[in-house]
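Asker: Quick one: sequence plus predicted model below, questions after.
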Amino acid sequence: SVSRRRLLCGFAASGLGLALDLKGLPAWAAAANATDKGAADPLYALAYDAFLYGYPLVHLGRWRDFRMTQGDPVAKAKFRWGAWTHRTQTVHAQSPGAPQTDTLYSIVSLDLKKEPYLLAVPDMGRRYWSIQLVDMLGATFGLPNRRNTPGGGLVAIVGPEWKGALPANIAQVYRCPMNSALGVLRLYFASDEDQPRAVALQTAFTCRPLSAHLSGAEWKGLEPSEIHTNPIKNDPLADFRTLQLMWNEVAPYVGDPVGIERFKPLGLCTGQTDFDHLPDATRAAMAQAQDDVRKLVVATWNSA
């Protein structure tokens, strides 16, 4: 069976969740059904494992794509690479998300291929704050907060292969196992009267690439971009195509033989850009596995 933790690891950054509107079998029934199919069809079993493994990439990739092209419904702004999007209001009925009504959220998308990014944290005194740093599989790799970064300062986020020198006044350094990351700032406010003070502190959190920090250049982030995801109704392999695009962007974890080698027969590896070269039977198995995993994810989420 598949654990809830494994299925939902892509939702680790709880302020980021998208509302899912699909319905499926009970989680235990869907898992058992998939096991029976996999025993009869090795191609289906491989495709099922691949999509289950990569589902967080699909979810977070589509979520980020939507926020960069359509905008954030709370902040009323589009995401930009390497710049905070500050939600100065809490969630509301038209914008589902984390249920906290005493927490402000800010989100930043980081492309770490070329250089590190530096997050500037103001002195927050005793006010609660934290920045959850997640890779595109939804795994948290860092959590700077008021306890380990008292008094604020600079927090450096570096990619898996970057080598170089950082400024001497860095308070914390976190290395992401992928070349793309998300940061989620959570900041507490005590009352309606306190919210303006919290917003002033929230907007004092800034982000700049290392080169802009060293040169003193103005930085407003890079233009939004999209990964050109397709709706499922128009393409039976739409989610697998999103997974392939994300696989090229971030690559699997270094040294992970499951991600790097096992799924190559499905066209899931760095450098692959379509599935047209695959046999019809392989694509049919992938389409069925994609549908079954989506049902399993939704059923597990609904039963939690």
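Answerer: Good, I have the coordinates.
Asker: Quick one, grab the pLDDT at residue 229.
Answerer: Residue 229 carries a pLDDT value of 63.
Asker: Can you give me the distance of residue 135 to residue 86?
Answerer: Distance of residue 135 to residue 86, given as Cβ to Cβ, to the nearest Å: 22 Å. Placement of C-beta: from N, CA and C, glycine included.
Asker: Which helix or strand contains residue 118?
Answerer: In this structure, residue 118 is located in strand 117-121 according to DSSP states H and E.
Asker: So residue 253 sits against residue 179, correct?
Answerer: No: using Cβ atoms under 8 Å, residue 253 makes no contact with residue 179, being 11.4 Å away.
Asker: what about the two, which has more around it?
Answerer: The neighbour comparison of residue 253 against residue 179 (other Cβ atoms under 10 Å) goes to residue 179, with 19 against 16.
Asker: Same question for the longest helix seen in the chain: list its buried residues.
Answerer: If you go by DSSP state H, the chain has its longest helix at helix 42-69. For helix 42-69, burial by neighbour count (16 or more other Cβ atoms under 10 Å) applies to 43-68.
Asker: Also stretch 182-199?
Answerer: Buried, per 16+ other Cβ under 10 Å, within stretch 182-199: 182, 183, 184, 185, 186, 187, 188, 189, 195, 198, 199.
Asker: Which members of these occur in helices, if any?
Answerer: Using DSSP H, those in helices are 195, 198, 199.
Asker: ok, those residues vs residue 129, which is closest?
Answerer: Within these, the smallest distance to residue 129 is 9.3 Å, found for residue 198 (Cβ to Cβ).
Asker: about what we covered before: using TSV, lay out the ones in helices among the buried residues of stretch 182-199 together with distance to residue 269.
Answerer: Shown next, in TSV, are these (distance: Cβ to Cβ, whole Å):
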residue	distance to residue 269
195	48
198	45
199	45
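Asker: Using TSV, lay out the residues you listed together with pLDDT.
Answerer: As requested, those are exported to TSV (pLDDT from 0 to 100):
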residue	pLDDT
195	95
198	97
199	97
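Asker: show me where this protein has helices.
Answerer: Counting by DSSP H, the helices of the chain are 4-7, 27-40, 42-69, 195-202, 210-215, 238-250, 257, 280-303.
Asker: contacting residues for the residue lying farthest from the centre of the chain?
Answerer: Here the chain reaches farthest from its C-alpha mean at residue 40, the gap being 33.8 Å by Cα atoms, centre = their mean. Residue 40 makes contact with no residue, according to Cβ atoms under 8 Å, 6 or more residues apart in numbering.
Asker: What ranges in the stretch 201-304 of the chain fall below the confidence cut-off?
Answerer: Of all residues in the stretch 201-304 of the chain, those with pLDDT under 70 make up the ranges 225-233, 254-255, 257-260, 304.
Asker: now with 80?
Answerer: 224-234, 251-261, 304 (pLDDT under 80).
Asker: Could you report the distance from the closest residue to residue 44 other than its chain neighbours to residue 291?
Answerer: Using Cβ to Cβ, 6 or more residues apart in numbering and skipping residues adjacent in sequence, the residue nearest residue 44 is residue 285, 4.3 Å away. Separation of residue 285 from residue 291 (Cβ to Cβ) stands at 11 Å.
Asker: Which of those two has more residues huddled nearby?
Answerer: residue 285 (23 against 16).
Asker: and that one, what is it in contact with?
Answerer: 41, 43, 44, 46, 47.
Asker: how about those residues in JSON lines, adding distance to residue 122 and pLDDT?
Answerer: Shown next, in JSON lines, are the contacts of residue 285 (distance: Cβ to Cβ, whole Å; pLDDT from 0 to 100):
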{"residue": "41", "distance to residue 122": "56", "pLDDT": "89"}
{"residue": "43", "distance to residue 122": "54", "pLDDT": "94"}
{"residue": "44", "distance to residue 122": "52", "pLDDT": "95"}
{"residue": "46", "distance to residue 122": "49", "pLDDT": "94"}
{"residue": "47", "distance to residue 122": "48", "pLDDT": "95"}
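Asker: Kindly indicate which of these lies nearest residue 120.
Answerer: residue 47 (44.1 Å).
Asker: Just give me the neighbour total for the closest residue to the closest one other than its chain neighbours.
Answerer: Nearest non-adjacent residue to residue 47, counting by Cβ to Cβ, 6+ apart: residue 289, 3.7 Å away. If you count neighbours by other Cβ under 10 Å, residue 289 ends up with 26.
Asker: Contacts only, for the nearest residue to residue 278 once chain neighbours are set aside.
Answerer: Leaving aside its sequence neighbours, residue 278 sits nearest to residue 267 (Cβ to Cβ, 6+ apart; 5.8 Å). Contact analysis of residue 267 by Cβ under 8 Å, 6+ apart lists 244, 274, 275, 277, 278.
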